[in-house]
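Colleague: the following comprises the amino acid sequence and a computationally predicted model.
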Amino acid sequence: MTESERILDQLHRAFHGNAWHGPAVLETLDGIDAELAARRPQEGGHNIWELVRHVAFWEASVMKRVRRDRMPVDQSADWGDLHDTSVSAWETELSRLRAGHGELEREVAGVTDERLAEKYLIDLGHTGFLPSY
């Protein structure tokens, strides 16, 4: 197994199941309905719904980097405001999460071990990780 294949395998397991660290994302969300997802555990804390959006946002951000997109990530879209807490809105949110993760896995599948060896500069003030070329 190449390093690229190992990374893809771990990414898949962390999302779908049989992860080394315990329950995967989808295993954790199994049985969570819209009402529970929207419930705020404490004032100022994030609820499950917001955490799902957060995971989807950062997976999309990673995908931008895998695609070598140097455009800044709009971090204002990270948590987002929760307005519609209906069952259909929750199902849509979960569908977006699954679709985005599938897209990320397809992108990562195309990364070679040679590309993994490339050096990146870190520009935390603007765009995150940038290839050093």
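Modeller: The structure has been received and is ready for your questions.

Colleague: got any ranges where this protein has weak pLDDT?
Modeller: For the chain, applying pLDDT under 70 flags the ranges 120-133.

Colleague: which elements pack onto the longest helix anywhere in it?
Modeller: The residue-count maximum for a helix in the chain (DSSP state H) belongs to helix 87-109. Applying 3 or more C-beta pairs under 8 Å, 6 or more residues apart in numbering; DSSP states H and E, one finds that helix 87-109 contacts helix 3-16, helix 25-29, helix 34-38, helix 48-66. Every residue, glycine included, has its C-beta placed from N, CA and C.

Colleague: and the residue nearest the centre of the chain?
Modeller: Geometric centre of the chain, nearest residue: Glu59, 2.7 Å, by C-alpha atoms, centre = their mean.

Colleague: ok, that one touching Arg98?
Modeller: No. If you go by C-beta atoms under 8 Å, Glu59 and Arg98 don't touch, sitting 10.7 Å apart.

Colleague: find residues that contact each of the two.
Modeller: With contacts taken as C-beta atoms under 8 Å, 6 or more residues apart in numbering, Glu59 and Arg98 have no neighbour in common.

Colleague: which phi and psi does Ala19 have?
Modeller: Note on Ala19: backbone dihedrals following degrees, to the nearest 10 are phi -80, psi 150.

Colleague: kind regards, and thank you for your time.
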